[in-house]
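In: got a predicted model here, sequence first, then my questions.
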Amino acid sequence: METKTQIRGLLKNALNELDIKIDEILLEHPIDVKHGDFSTNVAMIIAKKEGKSPKELAENIVKNIKKDKNIEKVEIAGGFINFYLSKDFFANSLEGIIKSGKDWGRNLENKGKKVMVEYTDPNPFKVFHIGHLMSNTIGESISRLIEYSGAEVKRANYQGDVGPHVAKAIWGLKHGQGDAKNSEGLGKAYAAGASEYEKNEKEIDEINNTVYKGGNKDIDSLYKKGREVSLKHFEEIYDILGTSFDYYFFESETWQKGLELVKENTPKVFESSEGAIVFKGEKFDKKLHTRVFINSEGLPTYETKDLGLAYKKAEEYNFDLSITITAREQATYFAVMLKALEQFNKKLADKMRHISHGFMKLPSGKMSSRTGDVISAESLIQEVKNAVLKITKDRNINDKKNVAEKIAIGALKYSILKQSSSKDIIYDLEKSISFEGDSGPYLQYAHTRAKAILEKANKDKIEIKDNKKNISLLEKLLYRFPEIVARAGDEYEPHNVTTYLTELAGAFNSFYATEKIIGGENEAYNLVLTKAFKITMKNGLYLLGIKTPERM
């Protein structure tokens, strides 16, 4: 990042010498490193205004660029100006990586800011499905990226422990469908209640009302037991995924506040409609629509509970920004809810942001679910873990089950984070667990290989000695890591890190295949390079929420 700023400064000074002013200079890394480490099209942008050809203007700019120890040479290609960094720069950057260690890649862009990130949001009494797995993976990675930018981050989980789904599950339990012994039994109870709702609508609606009001011993007992079993099961999954939350919010804690807010702001913001209270979003934004906030029975909808949640969050933590991560099917819902909030508390609404993600789909026939169309995250994790155990059965690995779990979670998380969060993914089990190519295990294995080399060398303190080594793609990629992290954090897009790490692992494997690291002519330098790679890969995998096994 400093180098980029430095080159921009040199360019601005050169332009000043030519009496040319420009507000912004675009600097990019050429796709092919043969064209330099940084490239700018500034000459092409301003050539017409200056009455010169891009090449002529580029030549004049280069003539006025002052020499700098970090820049080996500057070349012109058409109207582009390409900068090549020096060998000393790369050698110093490796030392900087090793010195920074766990802090390598961090920046101070959001220093002092307080951010709450809400994600996962499973509902007690229902299955923790693969949609929750996506939300958890994306939310955890975004949380870590924001932390790397210097912000204080609090992780939040909002769970629906009241509502029609709870009533359906309790109905199933009352009628001997499933049980409250475990999450599987609760899933069966909910599935039964959901399928029988039309036939038993009145009874289930009465259960729903009773859950809100309390006071029915039998229903309260089933509710308490089911909620307890669900939340305990969720914690087991969070532990496997490597997530821990600072705040747990529940709909049972937010609906009353939400109800008060809607009533207080009716008819100023909300209005009556056929016995319900609604917010007509289209009155405030043509892209929005009408949503019900209090139904005809006087009960709050999800929208109203989310209004209460916004206030609850602000009460618990004085944040500068509150991010909520859900599937994209809720994007229009959030737009309406936040527009409603904006009408009576703009200050709070301005601090709220919704990030939506796509869906995870499974190839037809690859996997089945015992609960119908919903695929549980637990069953998918186990399926992937079993596949990993099968391909690693002949490897010399201690504690194979633990390692297989790390590889399985790495495979799943990589598959989710390898593309823009907004896109759907079709999960391919076989490709995801491959140790070669575009996969989480490929990155984990590259890190493990580097770790093994360093352990074999048995040198904790390694210094770069004089060498005449040519700079490879590996060095040229390593120093870019902080820039990649900053971009991923700014865009809330972890796939920037995933793409970078995949290219970095490929560069390391090429280096490993062509260089004799231990005992070679450039042993000291190569070990430093290996250590810098290991640090970068470990930090990058941490940002993706992927653990690094000791052996693979």
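Out: The structure has been received and is ready for your questions. Note that the structure is a prediction, hence the values are computed from the model and not measured. Numbers count the residues shown, from 1 in each chain.

In: mind listing what Gln330 touches?
Out: Listed by CB atoms under 8 Å, 6 or more residues apart in numbering, the contact partners of Gln330 are 354, 356. The C-beta positions use only the backbone N, C-alpha and C, and glycine is treated the same way.

In: where does it land on pLDDT?
Out: According to the prediction, Gln330 has pLDDT 95.

In: before we move on, what about Ser439?
Out: pLDDT recorded at Ser439 is 97.

In: ditto for the one 3 residues further on
Out: At Tyr442 the predicted local confidence, pLDDT, stands at 98.

In: who's in contact with the helix or strand hosting it?
Out: Using DSSP states H and E, Tyr442 sits within helix 440-457. The set of residues external to helix 440-457 that reach it, using CB under 8 Å, 6+ apart, is 388, 406-407, 410-415, 432-436, 501-502, 505, 508-509, 512, 517-518, 523, 527, 530-531, 533-534, 537-538, 540-541, 546, 548-552.

In: do the same with stretch 91-105
Out: Outside stretch 91-105, the residues that touch it by CB under 8 Å, 6+ apart are 106, 148, 464, 475, 478-479, 481-482, 485, 525, 528-529, 531-532, 535-536, 539-540, 543.

In: let's see which of those end up in helices.
Out: Among these, the residues falling in helices (DSSP state H) are 148, 475, 478, 481-482, 485, 525, 528-529, 531-532, 535-536, 539-540, 543.

In: ok, of those, which one's closest to Gly112?
Out: If you rank the ones in helices among the contacts of stretch 91-105 by distance to Gly112 using CB to CB, Tyr148 comes first, at 14.6 Å.

In: which helix is the longest one in the chain?
Out: Per DSSP H, the chain has its longest helix at helix 217-241.

In: elements contacting it?
Out: Under the contact criterion of 3 or more CB pairs under 8 Å, 6 or more residues apart in numbering; DSSP states H and E, helix 217-241 touches helix 130-148, helix 164-174, helix 183-195, helix 201-213, helix 377-391, helix 400-417.

In: show me the one of those helices that comes nearest Ser244.
Out: Using CB to CB, the helices and strands packed on helix 217-241 put helix 130-148 closest to Ser244, at 9.6 Å.

In: what does the very next helix or strand once past that closest one rub up against?
Out: Proceeding N to C from helix 130-148, the next assigned helix or strand is strand 152-159, under DSSP H and E. With contact meaning CB under 8 Å, 6+ apart, strand 152-159 is reached by 113-124, 139-140, 143, 146-147, 231, 234, 243-251, 309, 313, 317, 319, 324.

In: from the residues you listed, which ones fall inside strands?
Out: Judged by DSSP state E, strands contain the following of these: 114-118, 247-250, 324.

In: compare these and tell me which is most surrounded.
Out: Highest neighbour count within those, by other CB atoms under 10 Å: Val117, with 27 neighbours.

In: please verify my assumption that that one contacts Ile323.
Out: Yes: assessed by CB atoms under 8 Å, Val117 is found in contact with Ile323 at 4.8 Å.

In: what residues do those two have in common as contacts?
Out: Here Val117 and Ile323 have Ile142 as joint contacts, going by CB under 8 Å, 6+ apart.

In: quick one on the thing from earlier: only whichever of the contacts of helix 440-457 are buried, select them in PyMOL.
Out: Written as a PyMOL command, the selection of buried residues from those, which uses 16 or more other CB atoms under 10 Å, is:
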select buried, resi 388+406+407+410+411+412+413+414+415+432+433+434+501+502+505+508+509+512+517+523+527+530+531+533+534+537+538+540+541+546+548+549+552
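
In: ok so, going back, in JSON lines: the helices and strands packed on helix 217-241, plus mean pLDDT.
Out: Formatted as JSON lines, the helices and strands packed on helix 217-241 follow (pLDDT from 0 to 100):
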{"stretch": "helix 130-148", "mean pLDDT": "97"}
{"stretch": "helix 164-174", "mean pLDDT": "96"}
{"stretch": "helix 183-195", "mean pLDDT": "93"}
{"stretch": "helix 201-213", "mean pLDDT": "94"}
{"stretch": "helix 377-391", "mean pLDDT": "95"}
{"stretch": "helix 400-417", "mean pLDDT": "97"}
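
In: in CSV: these, plus distance to Tyr84.
Out: As requested, the helices and strands packed on helix 217-241 are exported to CSV (distance: least, CB to CB, whole Å):
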stretch, distance to Tyr84
helix 130-148, 29
helix 164-174, 61
helix 183-195, 58
helix 201-213, 68
helix 377-391, 43
helix 400-417, 32
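
In: compare those and give me the one nearest Thr304.
Out: Of the helices and strands packed on helix 217-241, nearest to Thr304 by CB to CB is helix 201-213, at 12.4 Å.

In: check the offset of the closest one from the chain's centre.
Out: How far helix 201-213 lies from its chain's middle: 38 Å, per CA atoms, centre = their mean, to the nearest Å.

In: quick one: buried residues of it?
Out: 203-204, 207-208, 210-212.

In: and what of stretch 387-402?
Out: 387-389, 392, 397.

In: got a pLDDT number for Asn318?
Out: Note for Asn318: predicted pLDDT of 97.

In: any idea how far the nearest residue to it once chain neighbours are set aside lies from Leu341?
Out: Nearest non-adjacent residue to Asn318, counting by CB to CB, 6 or more residues apart in numbering: Lys114, 6.5 Å away. Per CB to CB, to the nearest Å, Lys114 is found 19 Å from Leu341.

In: what does Ile207 give?
Out: Using CB to CB, Ile207 is found at 30 Å from Leu341.

In: ok, Glu17 next?
Out: Going from Glu17 to Leu341 by CB to CB gives 53 Å.

In: neighbour count: the two, which is higher?
Out: Neighbour tally, Glu17 and Leu341, criterion other CB under 10 Å: the higher count belongs to Leu341, 23 against 14.

In: contacting residues for that one?
Out: 307, 310, 348-349, 352.

In: how about Lys69?
Out: Lys69 is in contact with 86, 88-89, counting by CB under 8 Å, 6+ apart.

In: what helix or strand is the closest residue to Lys66 other than its chain neighbours on?
Out: The shortest distance from Lys66 to any residue other than its chain neighbours is 6.3 Å, reached at Leu10 (CB to CB, 6+ apart). Assigned by DSSP H and E, Leu10 belongs to helix 2-17.

In: C-alpha coordinates for that helix, PDB please?
Out: Output in PDB follows, covering the C-alpha atoms of helix 2-17 (Å, rounded to 0.1, in the frame of the first residue of the first chain):
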ATOM      1  CA  GLU A   2       2.900   2.400   0.900                       C
ATOM      2  CA  THR A   3       4.600   1.500  -2.400                       C
ATOM      3  CA  LYS A   4       1.400   2.400  -4.400                       C
ATOM      4  CA  THR A   5       1.200   5.700  -2.600                       C
ATOM      5  CA  GLN A   6       4.900   6.300  -3.200                       C
ATOM      6  CA  ILE A   7       4.600   5.700  -7.000                       C
ATOM      7  CA  ARG A   8       1.500   7.900  -7.200                       C
ATOM      8  CA  GLY A   9       3.600  10.600  -5.600                       C
ATOM      9  CA  LEU A  10       6.400  10.200  -8.100                       C
ATOM     10  CA  LEU A  11       3.800  10.400 -10.900                       C
ATOM     11  CA  LYS A  12       2.200  13.600  -9.500                       C
ATOM     12  CA  ASN A  13       5.500  15.300  -9.100                       C
ATOM     13  CA  ALA A  14       6.400  14.400 -12.700                       C
ATOM     14  CA  LEU A  15       3.100  15.800 -13.900                       C
ATOM     15  CA  ASN A  16       3.600  19.000 -11.800                       C
ATOM     16  CA  GLU A  17       6.900  19.400 -13.700                       C
END
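
In: all good on my end, thank you.
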